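Student: just a sequence and a predicted model for now, questions to come.
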Amino acid sequence: MNQGQQHSVTIQSIERGDRGLFPKCVSSDSSIGPRAFGFPSLLWGLEWDGGKGRWGGVASSRWVGGSRVGHWGRRLRSRQVQTMASERVQGSPPLASNPTRVHSSEIKRDLVTRLFDIGAVKLGGEWKLKSGILSPVYVDLRLTVSHPEVLDSVATSLVQSLTNASPGLAYDLICGVPYTALPFATAVSLQTRKPMVMRRKEAKDYGTKKIIEGDFGVGQRCLIVEDLVTSGLSVMETVEPLEAVGLQVSDVVVLLDRQQGGRENLSMRGIKLHAVLTMNEVLDILQNEGKITEQVAASVRSFLQDNQMLRPMEIEQPQTPKSYTERAGACRNPVGAKLLRLMDEKRTNLAVAADVETEIELLTLAESIGSEICILKTHADIITDWNPHTGEKLREIAERHKFLIFEDRKFADIGHTVQMQASSGVHRILHWADIINAHPVPGPGIIHGLEKASLQCNRSVGLLLLAQMSSAGNLASSLKGYADMSVDMAKNNESFTFGFISMERISGDNFVYMTPGVQMDALGDSLGQQYQTPAFVIEDRKSDVIIVGRGIYKADNPRAVAQQYREAAWAAYQRRITNQAGQKG
C-alpha cells in the first residue's frame, strides 16, 4: 500500500486473552493479513451502527478521538503502511444486543478484573484505613505503576470517561492529586497532548518556593486527575492552591468513585466529578466473574452505606435564637436531646466536677447539689473505695434530682480496648453513666468501639469528643485543624456523638458544647489550669454548659456556691439568646 492510501479493516471477532480484549481483524491490505491487535484501547473508538448493521468508527494512529499515537498505528507502519486519521473501520455485529459503546461492559470488566488480579483492589478481608476505620475493601492503585499495560488502560479509560460524559469539555492543563494520581495524570497528558502542572504538598524553602510547578497562565482551565474519591477532601486540597494562582478548576476525572459522598461534596463546591467506575460497578463485575462472593459484595455495600462522608456546605445565615429545647429536635443522640430539654426544665446549664476520693464524699456531694445541676461529672478511678454498688447508689440520686451522670474517663485507645474498658472491669462505666468522653486521636474506631459497648449494655449513652482543653500548652487546642477533624468525626457519627468538650462553640446547634475551667474570677492555678468566667464562656464563647470543679466541691457550702454558679450561667444564657434576637431584628 502506498503512503497516504486509505484502507479498511474488518473485525472478525472480539476475543479475550491474558492481556485483555483482542479484536481479531483483517485488513484490505493483503500484505498485512488476519491478525489480532492486543490493545484494548482500540475498541474505544468503535460504535455499532444499527442502521447499517455493522461496526463503524474512526481508527487511526491516534486513538480516542485523536488523543495519542497508538500501538496499532505503529504495527501497521512496521509493514510499510501509513495509517490515516480518516481510516474507516467496519466489522461484524455487536457482542451485546444494543450497546452504545463496546467499553460500557467489556472494557470495564476487563479493567476491573485486571486491577483485582494485580492486587490493586482487595476485598473479603479487613484493612485499617487512614481514618482508623476497619474496612472490608482496600484499594491501592499505586500498584498500577508496576504494570504498564494496566496503567495504559487506566489512562485511556480516564480520557474516554471525559469524552463520553462531556464531549464539549474544554481544558488547557492537567494536574494530578499527589501522589498516587501523578502517574495517571502523566499518562493522560501523554495521551491527550495536554500540558501538565504539579502541586507540591509543601512549598520548598529554597529556589522558587512554588507550590504549583510548571508553565501556566492566569485564567487557564485545569482538569484534576485523581485515582479514587472518598470524601473529596484530597481533591479540594489540590483545587484550592490551583485557584490561588489564578487557574480555573471545574472538573475532576477519577478512576474510582467509592460512593461515600465525594461526588456530592465536590458538587457543593462547584466541582463536577467524572468517574470511570463506581464501587457498585466494581462489586457487580467481580461477583459476576466469580472473583468474590455475594456475601463479600453485600458486606462492602453495607460498609459504604454506614460510612458516608457527606459534608454539607456551611453557609452563614443570620443567627436565630433557639432555646435548648428547640435545639433538642436537631440532636440525633437521645441522651443529648434529653440533656437539652432537661436544662430548660430545671433552668440550669451547670455541670459540677466531683473530683473527690471516697464514695461517701461523692454521694454526699451529689445529694447536696443535685437540685442545682444538669450534670454531675465523675472520676470513678480516683474513688478509693469504689464497689459494685457505688454506681447504683449514684444513679438513684441522679434520677431523683433529675441530672445526668458524666464519667470523665477520657477514653483514648483502639476500638476493641475501649469497648472492654467502658462495659466491664472494676467500674463497669456504661452500666451507670449517661455520658462518656473520648480523645479523637485514635480515629473513628474509638467511637465505634464505645458505641458497641453501649449496645452490649443495652443503655442509651451519649459521647463527647475532647476537641479542646483548658490546660495551658495542651496540644488539642494548639494543633491546627485538630478541632475541625474532631467535628468531622462527630458529624459522621451523630447518632452516638452529641457534643464536645471545647473552649467555645466549634460547629452548629445540633451539638452540645461543654467548657471546663470555669470560676467566678478568671485566674489560674499552679498546675496550668486556666479559668474563665461563666458570662465569658456562655455569652462570648457561646458554649452551652459550664463545668465547675474545686470552686464548688471545696466550698464550705457547696450547694450555696453551686446555686450562685447556676444563676450566673443561666443569666448569661438568657442574655445570649436575647442579644441574638435583637441583632436579627
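Tutor: Structure received. All values derive from a computational prediction rather than experimental measurement.

Student: the nearest residue to Lys291 once chain neighbours are set aside: neighbour count?
Tutor: Nearest residue to Lys291 in three dimensions, chain neighbours excluded: Phe116, at 5.5 Å (Cβ to Cβ, 6 or more residues apart in numbering). C-beta: built from backbone N, CA, C; applies to glycine. Residues near Phe116, counting by other Cβ atoms under 10 Å, number 18.

Student: doesn't Phe116 fall inside a strand?
Tutor: No. Using DSSP: H, G, I helix; E, B strand; the rest coil, the assignment for Phe116 is helix, not a strand.

Student: wait, doesn't it sit right on Val296?
Tutor: No. Using Cβ atoms under 8 Å, Phe116 makes no contact with Val296, being 11.9 Å away.

Student: find residues that contact each of the two.
Tutor: Leu123 (Cβ atoms under 8 Å, 6 or more residues apart in numbering).

Student: may I see the buried residues of stretch 212-223?
Tutor: With burial defined by 16 or more other Cβ atoms under 10 Å, the residues of stretch 212-223 counted as buried are 212, 216, 220, 222-223.

Student: ok, of those residues, which one's closest to His427?
Tutor: In terms of Cβ to Cβ, no member of these lies closer to His427 than Ile212, at 54.2 Å.

Student: please name the bridge partners of that closest one.
Tutor: Beta-bridge pairing of Ile212, defined through DSSP bridges, involves Arg199.

Student: and the longest helix along the chain, what does it pack onto?
Tutor: The longest helix of the chain (DSSP state H) is helix 558-584. Contacts defined by 3 or more Cβ pairs under 8 Å, 6 or more residues apart in numbering; DSSP states H and E place helix 558-584 against strand 350-354, helix 359-369, helix 534-535, strand 545-548, helix 550-553.

Student: gap between the closest residue in space to Asn387 that isn't next to it in sequence and Ile382?
Tutor: Excluding its sequence neighbours, the residue lying closest to Asn387 (Cβ to Cβ, 6+ apart) is Glu359, at 7.2 Å. From Glu359 across to Ile382, the span is 11 Å (Cβ to Cβ, to the nearest Å).

Student: ok, those two, which is more surrounded?
Tutor: In this view Glu359 and Ile382 are compared by other Cβ under 10 Å, and Glu359 has more residues nearby, 17 against 13.

Student: related to what we said a few turns ago, flag the least confident of the buried residues of stretch 212-223.
Tutor: Least confident of the buried residues of stretch 212-223 in the model: Ile212, at 92.

Student: that residue contacts Met198, doesn't it?
Tutor: Yes. Contact criterion Cβ under 8 Å: Ile212 and Met198 qualify, at 7.3 Å.

Student: overlap in contacts, these two.
Tutor: Each of Cys175 lies in contact with both Ile212 and Met198 under the rule Cβ under 8 Å, 6+ apart.

Student: related to what we said a few turns ago, next up, the contacts around the residue nearest to Lys291.
Tutor: With Cβ under 8 Å, 6+ apart, Phe116 has these contacts: 123, 286, 291.

Student: rerun that using 10 Å as the cut-off
Tutor: 122-123, 282, 285-286, 289, 291-292 (Cβ atoms under 10 Å, 6 or more residues apart in numbering).

Student: in this structure, which ranges drop under the pLDDT threshold?
Tutor: Within the chain, the ranges that satisfy pLDDT under 70 run 1-104, 129-133, 165-167, 202-209, 310-321, 470-474, 476-478, 521-531, 580-585.

Student: list just the nearest of the buried residues of stretch 212-223 to Leu169.
Tutor: Using Cβ to Cβ, the buried residues of stretch 212-223 come closest to Leu169 at Leu223, 7.9 Å.

Student: contacting residues around that closest one?
Tutor: Contact partners of Leu223, counting by Cβ under 10 Å, 6+ apart, are 158, 162, 169-176, 185, 188-189, 192, 194, 196, 249-253, 274.

Student: let's see it at 8 Å
Tutor: 162, 169, 171, 173-175, 194, 251-253.
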